[in-house]
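Peer 1: pasting the sequence and the predicted coordinates here, then a few questions.
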Amino acid sequence: MLAGLLFTGLLGGCGQGSGARNGGAAGTTGNAGTTGNAGGAGNAGTTGGAGTTGHGGTTGAAGAGGGLGDAGTSPPIIAAFAATAREIAAAYTAWGRVDDELRWAPFLCRIPLPGITRPSESNDPATHGQKLYSVFAKNHAAYPDGPQTDQVVVKQSWTAELVTGPDAAFAPASERFSPDAGDHFYGYAKGDGGVYRAASFAGLYIMFRLPDATPETDEGWVYATITAAGELTAAGRVASCMGCHEVATHERLFGVPLSPSFP
């Protein structure tokens, strides 16, 4: 929120000393002090203080504090992409998690496993770092190898909470779920420091594919971010996303193993 600051300076003449020297005439000298009120025209100069509204411009830097833009710049929000991102956020859960074997792969000769949370490999806490995540894909059969035409990928993220106590264990196969088309989700992950629980929801990271030549895209890919409160904070060519995903092995996608194995 931009805060406007108003500064007013009052510059007045001091006629008391002259009055001490010349009786009534000194009072007239006091009128000259009123000329000092003209100095109050300096208030117009304080209009420069309104220029400090430019300081409010640093609110843009605060926007970058979301970790989704270059230093000192705000992430882009392209109106058409923003509308698409909001539609995706309202519909993605129906697509299913990419690693939910109970939903997608009942043919396995071992017990099918539910979708799980995974620790992010990012070391940037302003974006994916220090979070757990789970991935949904619109075109499940094409994830992650492609073809990527019209593909949409949504990463749910949570803060990570270390599970303590003697019963702390990572055992997704021990959970029992109904083998239907519902959401089968095991909200724990195994990391370097032990077992972590998906605690507070931390927002959505969205990627969707448009034709290569679409303006304001990363060779057809659009990146969007939505906070846990539902606020869309970026939609377009997000520099911090592009800098990471340009080295991905599946045309901007890294991919989550569809049939994970656990030690």
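Peer 2: Sure, I can see it.

Peer 1: quick check: residue 230 vs residue 215, distance?
Peer 2: From residue 230 across to residue 215, the span is 27 Å (CB to CB, to the nearest Å). Placement of C-beta: from N, CA and C, glycine included.

Peer 1: now residue 120
Peer 2: For residue 120 relative to residue 215 (CB to CB), the value is 31 Å.

Peer 1: who's more crowded, these two?
Peer 2: Neighbours per residue (other CB atoms under 10 Å) separate residue 120 from residue 215, with residue 120 holding more: 20 against 8.

Peer 1: could you pull out the strands for the chain?
Peer 2: Applying DSSP state E to the chain gives strands spanning 115-116, 118-119, 131-137, 152-162, 185-186, 188-191, 194-209, 221-226, 232-236.

Peer 1: can I see the domain layout of the chain?
Peer 2: Using automatic domain parsing, the domain parsing of the chain gives 16-56, 61-245.

Peer 1: and those domains: which comes nearest residue 254?
Peer 2: domain 61-245 (7.2 Å; CB to CB).

Peer 1: what about that closest one, average pLDDT?
Peer 2: Averaging pLDDT along domain 61-245 yields 86.

Peer 1: related to what we said a few turns ago, how about the domains of the chain in JSON lines, adding distance to residue 255?
Peer 2: Output for the domains of the chain, formatted as JSON lines (distance: least, CB to CB, whole Å):
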{"stretch": "domain 16-56", "distance to residue 255": "43"}
{"stretch": "domain 61-245", "distance to residue 255": "3"}
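
Peer 1: touching, residue 256 and residue 98? I think so.
Peer 2: Yes - here residue 256 reaches residue 98: they are 5.3 Å apart, a contact under CB atoms under 8 Å.

Peer 1: give me the common contacts of these two.
Peer 2: Residues touching both residue 256 and residue 98 (CB atoms under 8 Å, 6 or more residues apart in numbering) are 135, 144.

Peer 1: picking that back up, out of the domains of the chain, nearest to residue 252?
Peer 2: Nearest to residue 252 among the domains of the chain is domain 61-245 (4.6 Å), distances taken as CB to CB.

Peer 1: OK, contacts around residue 145?
Peer 2: Contacts of residue 145 by CB under 8 Å, 6+ apart are 250, 255.

Peer 1: try it again with 7 Å
Peer 2: Residues in contact with residue 145 (CB atoms under 7 Å, 6 or more residues apart in numbering) are residue 250.

Peer 1: you'd agree residue 138 is up against residue 95?
Peer 2: Yes - using CB atoms under 7 Å, residue 138 makes contact with residue 95 at a distance of 5.2 Å.
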